[in-house]
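Asker: Everything below, folded, please.
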Amino acid sequence: MAEYEAVIGLETHIQLNTRSKVFCACKADSWEDAPNTNICPVCTGLPGVLPVFNKEVAKKAVILAEAVHAAVQPVSCFDRKNYFYPDLPKGYQISQFDMPLARGGIIDLPIPASADPAGKGYTCRVRINRLHIEEDAGKTKNDGQQRLVDFNRCGVPLVEMVTEPDLRTADEAAQYLIRLRQLLRWLGISDADMEKGNLRCDANVSIRLKGSDVLNQKTEIKNVNSIDAVRDAIRKEIERQKRDVEEGKTIEAWTLEWDEDTGTLRKMRSKETEADYRYFREPDLLPLEISPEWKAEILVGFPEGPLERRLRFMSDYKLPKYDADILTLERGLSDYFEKTAKAYAGETKKVSNWLMNDVLRMVNDQGLNPAEMKLTPEYLAELISLVDAGTINITTGKALLQQINESGKAPKALVEEQGLAQVTDDSAIRAACQKVVDTNPNEVAAFKAGKETLMGWFVGQVMREMKGKADAKLVAQILKELLS
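Answerer: Below is the predicted model of the structure:
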């Protein structure tokens, strides 16, 4: 076969986490509501009703545009996008066409070595064509011979973000969604859960001979509800197009549906063009004006981005790339690390170790929000300092994490209340070590015969004897002396 490359562009529909819908007062988050219980005359398109724009939608859309370096337009307009599906009660969708909220922008994707055929890793820059606001449609499902319609999602606020055809592999497309999901949660403007429909993706895929700059006929993949499924669907469509081209077949502009159960693509319909939608201005809504003053007000407190913070953690705190990657996956964890690092006087790598090995496990296992934990960054810094000073050993320190988070008490106070201070008295530790040696002659004989791995067992017995309070290093030192 000739050598081909894929040309991929993504259209993502992002559900904004506003309290109400975009043009009415109905609740926006209706994931768990019974069908058709979160609707009103406006979002179901009954005759004579008028839409009222939700300003919070504009605010969150402007924040996203700023984060991807898009140019927010001073004036944008709403349009009617006409098509006839059972889940679109008005027969049209209120969207934006020729005058969108924002144009341009970029997202840089660090592609890991595992996804790079050369094994080195690289950065892929994806250009954004446009961002526009629109309302969601409802949803349908099959029930035997019936087709049921749920209008709860009608009017839910969306931002559609369209990329240029800058992606070349299914892995790059998956990485784009991973970074976009991270950014949306970081900004606090969307839950970005693909399984709940908070983030949906349509992929436009074509192929061409490697080295060519021609844009060939593309197909569109819809109904994909996970990042892994997006990767799989794109890979299969690339391979199909390669086979068809090699067999002399023509690639037609079809809209394809991904079947999650069978892992296959099937044709839904021929792909619509802009002319099919018969766009025209929405007569019931005024143009949306974003003045410089309002934009500045919206962007007060705009946060540092996750990739920028990752680089800063590596430069300012001297963290390894792996640590910086983990600690900037979520903004809450990232903020927690930085506050702890500022409160702790020692090496920040220790803070990173405690967070990634112990605190993060507790957060994930118990579904905790770092910002709401009683184990505050200041308390964690105090706990690590107590271990550094030898006041408590590291085993006691780790055991205290849960107690601090449950009680909200300071580490030092808990150590004093429970008498957890580390025993460093040589005579007390020596007595406990001698007792363990004297009462375990078989293990002593085995150790002296060359089974040196028993040293860990001896240390554990002494620590148990001293209720975990002994200085483990001193215990090992004394045992080595006695056993020699």
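
Asker: Break this structure down into its structural domains.
Answerer: 4-297, 306-418, 426-483 (automatic domain parsing).

Asker: other SSEs contacting the helix or strand of the chain with the lowest mean pLDDT?
Answerer: Ranking every helix and strand in the chain by mean pLDDT, DSSP states H and E puts helix 274-277 at the bottom, with a mean of 80. Using 3 or more Cβ pairs under 8 Å, 6 or more residues apart in numbering; DSSP states H and E as the contact test, no helix or strand touches helix 274-277. All C-beta atoms are positioned from the backbone trio N, CA, C, and that covers glycine.

Asker: could you point out which element follows it?
Answerer: strand 280-281 (DSSP states H and E).

Asker: Pull out the buried positions in the helix or strand harbouring Glu160.
Answerer: Here Glu160 sits within strand 157-163, counting by DSSP H and E. By neighbour count with 16 or more other Cβ atoms under 10 Å, strand 157-163 contains the buried residues Pro157, Leu158, Val159, Glu160, Met161, Val162, Thr163.

Asker: Touching stretch 437-452 from outside, list them.
Answerer: Residues outside stretch 437-452 that contact it (Cβ atoms under 8 Å, 6 or more residues apart in numbering) are Leu454, Met455, Trp457, Phe458, Gln461, Leu479, Leu482, Leu483.

Asker: what's the average pLDDT for that stretch?
Answerer: Stretch 437-452 carries an average pLDDT of 88.

Asker: end-to-end on it?
Answerer: In stretch 437-452, first residue to last residue: 14 Å (Cα to Cα, to the nearest Å).

Asker: what's the neighbour count on Ala449?
Answerer: The tally of other residues near Ala449 (other Cβ atoms under 10 Å) stands at 9.

Asker: now Leu454, nearest residue through space, not along the chain?
Answerer: Once flanking residues are discounted, Leu454 sits nearest to Phe447: 4.6 Å by Cβ to Cβ, 6 or more residues apart in numbering.

Asker: Please report phi then psi for the one you found.
Answerer: Dihedral pair for Phe447: phi -60, psi -50, per degrees, to the nearest 10.

Asker: Roughly how far does it sit from Leu482?
Answerer: Distance, Phe447 to Leu482, by Cβ to Cβ, to the nearest Å: 10 Å.

Asker: So which of these two has more stuff around it?
Answerer: Per other Cβ under 10 Å, whichever of Phe447 and Leu482 has more neighbours is Phe447, with 20 against 15.

Asker: Could you export the buried residues of strand 157-163 to TSV, including columns for distance to Thr44?
Answerer: Shown next, in TSV, are the buried residues of strand 157-163 (distance: Cβ to Cβ, whole Å):
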residue	distance to Thr44
Pro157	16
Leu158	17
Val159	23
Glu160	22
Met161	27
Val162	28
Thr163	33
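
Asker: now, which of those sits nearest Arg278?
Answerer: Using Cβ to Cβ, Glu160 comes nearest to Arg278 of the buried residues of strand 157-163, at 18.4 Å.

Asker: Hmm, that closest one is touching Leu16, no?
Answerer: No. Taking Cβ atoms under 8 Å as the definition, Glu160 is not a contact partner of Leu16, at 11.4 Å.

Asker: pretty sure Leu380 is touching Val359, no?
Answerer: Yes. At 6.8 Å, Leu380 counts as touching Val359 under the criterion of Cβ under 8 Å.

Asker: if we can go back for a sec, among the domains of the chain, which gets the worst mean confidence?
Answerer: Lowest mean pLDDT within the domains of the chain: domain 426-483, a mean of 85.

Asker: Who are the contact partners of Leu319?
Answerer: Phe313, Leu327, Thr348, Lys349, Ser352.

Asker: And it, how far from Cys77?
Answerer: 46 Å.

Asker: Also Ala61?
Answerer: Distance, Ala61 to Cys77, using Cβ to Cβ: 14 Å.

Asker: centroid residue for this structure?
Answerer: Per Cα atoms, centre = their mean, the C-alpha nearest to the average position across the chain is that of Gln182, at 3.6 Å.

Asker: Secondary structure element holding Val126?
Answerer: strand 122-135.

Asker: Let me fix that, I meant to ask about Ile94.
Answerer: Using DSSP H and E, Ile94 falls within strand 92-95.

Asker: on that earlier part again, what does the least confident helix or strand of the chain rub up against?
Answerer: Lys81, Asn82, Tyr83, Phe97.

Asker: for these, which one is nearest Pro292?
Answerer: Pro292 has its nearest neighbour among these in Phe97, at 24.6 Å by Cβ to Cβ.

Asker: wouldn't that closest one be in contact with Tyr279 here?
Answerer: Yes. If you go by Cβ under 8 Å, Phe97 and Tyr279 touch, sitting 4.5 Å apart.

Asker: What is the one helix or strand Arg80 maps to packed up against?
Answerer: Following DSSP H and E, one finds Arg80 within strand 79-82. Where contact means 3+ Cβ pairs under 8 Å, 6+ apart, strand 79-82 is packed against strand 92-95, strand 280-281.
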